[in-house]
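In: predicted model follows, preceded by the sequence.
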Amino acid sequence: MSEKHLKVAGVLAILVFIALPLFVNSYIVHICILIYSFGYLSCAWNIIGGFAGQLSLGHALFFGIGAYTSTLMLIRLGISPWIGMLIGGLISAIIALPIGIIVFRYKLRGVFFAIATLCFAEIFRILVSQIRFTGGSEGLLIPIMESSWINFQFESKLPYYYIAYIMMLLMLLVCYAIKKAKLNYYLFSVKADEDAASAIGVDANKYKTIAYVVSAFFTSFNGTFFAQYYMFIEPETTCAIPTSIDILMRPIIGGLGTLFGPILGSFIMTPLSEVIRKVVGSGMSGVHLLVYGVFLIVICIWMPGGILPYIARSIKSK
Amino acid sequence: MPTNIIIEAFVGGLLTGGIYGVIALGLTLIFGILRVINFAHGEFLMIGMYISYFSCTYLGINPYLSLLIMIPVVFVLGVLCELFLIKPVLNAPEDIQILLTFGLVLVFQNLALLFWTSDLRNLSTPLAFKLITIWGISLRLTTVIAFLASLLLSLAFYLFIKKTDFGKAIRACSEEREGALFSGLKLNRIYCLTFGIGITLSAIPGALILPNYSVSPFIGLSFTLPCFIIIVLGGLGSAPGALLGGIIVGVAESFGGLLLPGSMQKLVTYILFIAVVCLKPSGLFGAKVRD
């Protein structure tokens, strides 16, 4: 397939997914919303995890900040979730900045960076579940309002479908822009060999911090979307460790650091984990995580780098 | 706050710290030889605790006797994991190794959840409630036993590493991989046995604290995290550092528990981790943390 064919196929795929909800039932629409929503999160995580090569195990922190900021602003101040979404993103970025500066300044890499980010997310979860203002461990219900765009609430699933879809496409554009920008070349050199990159004058800490803040900013938006879609948030589902795992699993399986890998990962893993949840029922809640674990081990041993690069390699070698 | 409460918290922390130290010793042994950071360390310990728990409840044996069943099972599990899962990624980039052991965490946790549910299980033996009083400080008998056994275990491990041929082979591998290979040591065999030994070393204290500890599928992280703090404090690959680091973490957690309400005690470990890895990345003994 030439590049031209791929472009045509891409445009066709975009059009097919626009028309899709007109032909399928609402359960499929729900699955699609989750696919796009996790596709978006995967792309956002991929900026720090893939482009910069720093495995963050704590993105639930920013997802949670997004969900809690917009919800609290809606409940306490009556401000539209759209504005809350933006402010949540800014708060996430403001919180990510000192975290990034500290962990990169002290040269935390690999497993130490991963666990440090996990610790920050867990501290946030514990605080949120202890403070009464944020609803404690019982969580917060989003008040039911009139179905409208200002309120970010709809009776039908269709608006959510298109919001999630457009968010994913925009996120893909952002990632494309980053990949083409100079930032990506700096990040790539840091990821390949940080000492060598520093030796030729690349400010590794600066670019890693930028990647972390950008990733946090965009991750946060989806927290708001999640809150408005499910109409309920609680510490255990919005900012606990399984949420972080959900965010990082798809890009790793699809193709770490590639543009479309995270999306592919979401298209594979999201329906799979939903089907598993449906089949085994709510009594055995950990089964989808078990499947993630098996996938992770298989990917690490047989196709390190993820499914997309693996497919690309096998097409090339033919 | 009365002095004896503070002293009790201190001594309690000291005892837990010794136990943490041995668990971290297993982690640091594996890192020193295989150069793999085992994210799933706490999960092996959790499995070991379940094995002990079930051999006590179903066979009705003494918790300490259950070690005879637990040790071989966990050792074989460790060896098999190394052979089939860790060995293929020994020369892979660090990211891949982290992700693989993280995959192991998910698999073990959720298998445990599937088979044994999320119930907290504890052995209700009368042994758990026995207190001993030394100089006016009351301590749980089982904790004292676990601490003393941990000290013995680290001593035995020290002698094993220093005096036996296999211990010498292990040290040779850790110091000079190629050299060890040239002198005819079978690296693959040493790697898988080391992994088995490291896992078992960490699982034994887990079984020892079982009489007054509840086991559930998700306790792994509450051991893995202190272990990582400890090896950063003590320096990666340093055995005396692991014990000293263990005591520091144990005492810090114990005082944190004294000051904070129950649901917030975990904050201490998280904050301690961030503080320690940021401020002391070279370890108390100056060993360099690998990038």
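Out: Here it is on my side, so go on.
In: is the one helix or strand residue A:250 maps to anywhere near chain B?
Out: According to DSSP states H and E, residue A:250 maps onto helix A:241-255. Yes. Helix A:241-255 is in contact with chain B by C-beta under 8 Å from any C-beta of the partner chain, via A:241, A:245, A:252. Placement of C-beta: from N, CA and C, glycine included.
In: quick check: the last one touching residue A:303?
Out: Right, residue A:252. No. Counting by C-beta atoms under 8 Å, residue A:252 stays clear of residue A:303, with 11.0 Å between them.
In: just to revisit the earlier point, from the residues of helix A:241-255 next to chain B, which single one is nearest residue A:188?
Out: Each of those was scored against residue A:188 by C-beta to C-beta, and residue A:252 proved nearest at 17.9 Å.
In: in the chain, which residue is most central in space?
Out: All of this refers to chain A. When chain A is reduced to its mean C-alpha position, the closest residue under C-alpha atoms, centre = their mean turns out to be residue A:41, at 1.7 Å.
In: I'd say that residue and residue A:222 touch.
Out: Yes. Contact status for residue A:41 versus residue A:222: in contact at 5.2 Å, counting by C-beta under 8 Å.
In: identify the contacts common to the two.
Out: Overlap of the contact sets of residue A:41 and residue A:222 (by C-beta atoms under 8 Å, 6 or more residues apart in numbering or on different chains) consists of residue A:63.
In: sec struct for residue A:143, please.
Out: In terms of secondary structure, residue A:143 is coil; the call rests on DSSP: H, G, I helix; E, B strand; the rest coil.
In: so what's it up against?
Out: In this structure, residue A:143 makes contact with A:74, A:75, judged by C-beta under 8 Å, 6+ apart.
In: quick one: low-confidence parts of chain B?
Out: Within chain B, the stretches with pLDDT under 70 are B:1, B:236-238, B:280-291.
In: which parts of the stretch 201-318 of chain A sit against chain B?
Out: A:241, A:245, A:252, A:256, A:284-287, A:289-290, A:292-297, A:299-301, A:304.
In: which PyMOL command selects the buried ones in these?
Out: Only the buried members of those end up in this PyMOL selection, burial being decided by 16 or more other C-beta atoms under 10 Å in any protein chain shown:
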select buried, chain A and resi 241+245+252+256+284+286+287+289+290+292+293+295+296+297+299+300+301+304
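In: picking up where we left off before, and the residues of helix A:241-255 next to chain B as JSON lines, adding distance to residue B:56?
Out: Shown next, in JSON lines, are the residues of helix A:241-255 next to chain B (distance: C-beta to C-beta, whole Å):
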{"residue": "A:241", "distance to residue B:56": "30"}
{"residue": "A:245", "distance to residue B:56": "32"}
{"residue": "A:252", "distance to residue B:56": "39"}
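In: closest one of the residues you listed to residue A:16?
Out: Ranked by distance to residue A:16 (C-beta to C-beta), the residues of helix A:241-255 next to chain B are led by residue A:252 at 26.8 Å.
In: ok so, going back, SS state for the residue nearest to the centre of chain A?
Out: Following three-state DSSP, the label given to residue A:41 is helix.
In: how about the helices of the stretch 51-200 of chain A, start to end?
Out: Per DSSP state H, counting those that start in this stretch, the stretch 51-200 of chain A has helices spanning A:60-72, A:81-105, A:110-130, A:158-180, A:182-192, A:194-199. These are given in chain order.
In: an error on my part: the question was meant for the stretch 1-150 of chain B.
Out: Taking DSSP H, counting those that start in this stretch as the criterion, the stretch 1-150 of chain B contains helices spanning B:3-34, B:41-59, B:67-81, B:94-116, B:141-163.
In: which among those is found nearest to chain A?
Out: When the helices of the stretch 1-150 of chain B are compared for distance to chain A using C-beta to the nearest C-beta, the nearest one is helix B:94-116, at 3.0 Å.
In: who are the packing partners of that closest one?
Out: Judged by 3 or more C-beta pairs under 8 Å, 6 or more residues apart in numbering or on different chains; DSSP states H and E, helix B:94-116 is in contact with helix A:110-130, helix A:287-302, helix B:41-59, helix B:220-234.
In: now the angle from it to helix A:241-255?
Out: The directions of helix B:94-116 and helix A:241-255 differ by 130 degrees, with axes from the mean of the first three to the mean of the last three C-alpha atoms, to 10 degrees as the criterion.
In: could you dump helix B:94-116 to CSV, C-alpha only?
Out: Listed next in CSV are the C-alpha coordinates belonging to helix B:94-116 (Å, rounded to 0.1, in the frame of the first residue of the first chain):
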residue,chain,number,x,y,z
GLU,B,94,14.8,-1.7,31.1
ASP,B,95,11.3,-0.5,30.1
ILE,B,96,10.4,-3.9,28.8
GLN,B,97,11.6,-5.5,32.0
ILE,B,98,9.5,-3.1,34.1
LEU,B,99,6.4,-3.7,31.9
LEU,B,100,6.9,-7.5,32.1
THR,B,101,7.1,-7.7,35.8
PHE,B,102,4.2,-5.2,36.0
GLY,B,103,2.3,-7.6,33.9
LEU,B,104,3.1,-10.3,36.4
VAL,B,105,1.7,-8.1,39.2
LEU,B,106,-1.6,-7.9,37.3
VAL,B,107,-1.7,-11.6,36.6
PHE,B,108,-0.9,-12.7,40.2
GLN,B,109,-3.2,-10.1,41.9
ASN,B,110,-6.2,-10.9,39.7
LEU,B,111,-5.6,-14.7,39.8
ALA,B,112,-5.6,-14.4,43.6
LEU,B,113,-8.8,-12.3,43.4
LEU,B,114,-10.4,-14.9,41.2
PHE,B,115,-9.5,-17.9,43.2
TRP,B,116,-9.5,-16.6,46.7
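In: many thanks, I have nothing further to ask.
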